[in-house]
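Student: the sequence and its predicted three-dimensional model are supplied below.
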Amino acid sequence: MSTAVRFRSAGPADIEAIVALTESAYRGDASRVGWTTEADLLDGQRTDAAEVAALIANPHVMLLLAERNGQLLASCVLERLSGEHAGDGYFGMFSVRPDAQGNGTGRALLTEAERVARDQWHARAMRMTVIDVRAELIAWYARRGYRSTGEYRPFPYGDPRFGIPKRDDLRFEWLVKDL
C-alpha cells in the first residue's frame, strides 16, 4: 500500500467529502486540533454543497485534492483569473484535515497547485487573499515565497456564506508569488 500523497481534480462525487473537510479545517472545536482554525474569528459555515458543486462545474476552476491511501487529506481551489489579473492563478479555500496539519501535506498541495498554474495554465503568478489578522498563516505563506501587495479587500460582513464574524476588524490581504 502506497503512503505517497496523490493529487487529482475533484468531481461531483467528492462534494460531500470536500464540504466536511473544509468545515473541519476552519470552523468549530474540531478545527482547533490544527493550527489554521478560524474558530476564534468566525462562526457559521465556511462552504456548502452548492458552492462546491458550482466550483467543480466552473471551467475556469480546478478543485485540487490531496489523498493518501484513498483518504482525502487536503483540498484547494485553483482559479484562472480574468480582468485586471488575467494570466494569474488564484489559490483559495485551502483546507487540510486538522490531524494532517504540520506534516507537509499542505505544503505539498500548495506546490502542486503552483505547478498546475505555472505548467498547465501558463500563469505568471499565484494570488490569494488571507484574513489579515492571521499573522501566523501569512508568515507561513511568506516562507513559501508569497509577499503582500499592500492591497486589501473588505470582509463580506452580512453574508453568512462566508461565516459569521466574531470581530469587526476583519479584511482580506492580497498576497502574490511570481511563478
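Tutor: Now that the structure is in, tell me what you want to look at.

Student: which residues are in contact with the residue nearest to Leu81 when sequence neighbours are not counted?
Tutor: Nearest residue to Leu81, sequence neighbours excluded (CB to CB, 6 or more residues apart in numbering): Asp88, at 4.8 Å. (Each C-beta comes from the backbone N, C-alpha and C, glycine too.) Under the criterion of CB atoms under 8 Å, 6 or more residues apart in numbering, the neighbours of Asp88 are Leu81, Ala123, Arg124, Ala125, Met126, Arg127, Val176.

Student: pairing partners for the lowest-mean-pLDDT helix or strand in the chain, with directions?
Tutor: In the chain, the helix or strand scored least confidently by mean pLDDT, DSSP states H and E is strand 42-43, which has a mean of 76. If you go by DSSP bridges, strand 42-43 pairs up with strand 164-165 (antiparallel).

Student: what sits up against the strand it pairs with?
Tutor: Residues contacting strand 164-165 (CB under 8 Å, 6+ apart): Leu41, Leu42, Asp43, Gly44, Phe155, Tyr157.

Student: I'd like the next helix or strand past the least confident helix or strand of the chain.
Tutor: helix 49-57 (DSSP states H and E).

Student: off-centre distance for the least confident helix or strand of the chain?
Tutor: Centroid displacement of strand 42-43 relative to its chain, using CA atoms, centre = their mean, to the nearest Å, is 17 Å.

Student: can you check what angle separates the strand ranked longest in the chain from helix 49-57?
Tutor: In terms of residue count, the longest strand belonging to the chain (DSSP state E) is strand 71-80. Going by axes from the mean of the first three to the mean of the last three CA atoms, to 10 degrees, strand 71-80 is angled at 60 degrees with respect to helix 49-57.

Student: let me see the mean pLDDT of strand 71-80.
Tutor: For strand 71-80, mean pLDDT is 96.

Student: same check, this time on stretch 51-65
Tutor: Stretch 51-65 comes out at a mean pLDDT of 97.
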